[in-house]
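Novice: let's see this in three dimensions:
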Amino acid sequence: MAMINLRPWREEQREIRQKKFYLYLVLAVSACLFLVALSYLQTVALISQQQQRNLLLSQEIEKVASEMEQVSRSSLSPSRVINRLQSIQQLQENRSLITRLFEVVVTTIPSDCKLLSMSKREEYFFLEGLAASNDDISRFVRNLDESAVLEKTELLTLGSDAAQYSGFTWFSLKSLIQESSRNNR
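Specialist: Down below sits the predicted model:
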């Protein structure tokens, strides 16, 4: 058998493998560095995004806290709420009372009487007007007393001002609103 010296060929092969190894090593290290840099950039981006969210949340929390402070400052105390509810309830009760008072006045006033003003203060109903005669005023007072809404009608003033109301007698009445009418809803 012939002797072939394979040593230079083996050394050549070893150098080629060594070069390939270093090339792959450099490629692997650079790929790892690229992945580390990419994950670092992604982490930085996520942290920045989360900080923006936190900032937005803290701003919203401050806004809600200031709104809650305004509400607590402007909120009504329980006694004021109760007073308001009672006032509203009283207004609701008096809604139909005014209608009934107008109905009583319209149905009981004699044809020769004219009303100038009507007002309600507390439990009293006040009427001022003109009448052709004292009999008309007396009939009006009796009719108001007989109504289901008013009672104890009193003649407050009676007079004749010839210059302003010629031929008419001026009168002023006060009538108590019946308790059942005041409490009736």
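Novice: got the CA coordinates for stretch 131-141 in CSV?
Specialist: Output in CSV follows, covering the C-alpha atoms of stretch 131-141 (Å, rounded to 0.1, in the frame of the first residue of the first chain):
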residue,chain,number,x,y,z
ALA,A,131,-120.4,95.6,44.5
ALA,A,132,-123.5,97.4,43.2
SER,A,133,-125.1,97.2,46.7
ASN,A,134,-124.5,96.0,50.2
ASP,A,135,-127.0,93.2,49.6
ASP,A,136,-124.7,91.7,47.0
ILE,A,137,-121.8,91.8,49.4
SER,A,138,-124.0,90.1,52.1
ARG,A,139,-125.1,87.4,49.6
PHE,A,140,-121.5,86.8,48.6
VAL,A,141,-120.4,86.4,52.2
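Novice: that stretch - what's its average pLDDT?
Specialist: For stretch 131-141, the mean pLDDT works out to 79.
Novice: residues contacting that stretch, please?
Specialist: 108-110, 112-114, 153, 155, 158, 167-169, 171, 173 (C-beta atoms under 8 Å, 6 or more residues apart in numbering). Any C-beta I mention is one placed from the backbone N, CA and C, and that applies to glycine too.
Novice: which one of these has the most neighbours?
Specialist: Phe171 (24 neighbours; other C-beta atoms under 10 Å).
Novice: quick one: it from Tyr124, how far?
Specialist: As for Phe171, its distance to Tyr124 is 16 Å (criterion: C-beta to C-beta, to the nearest Å).
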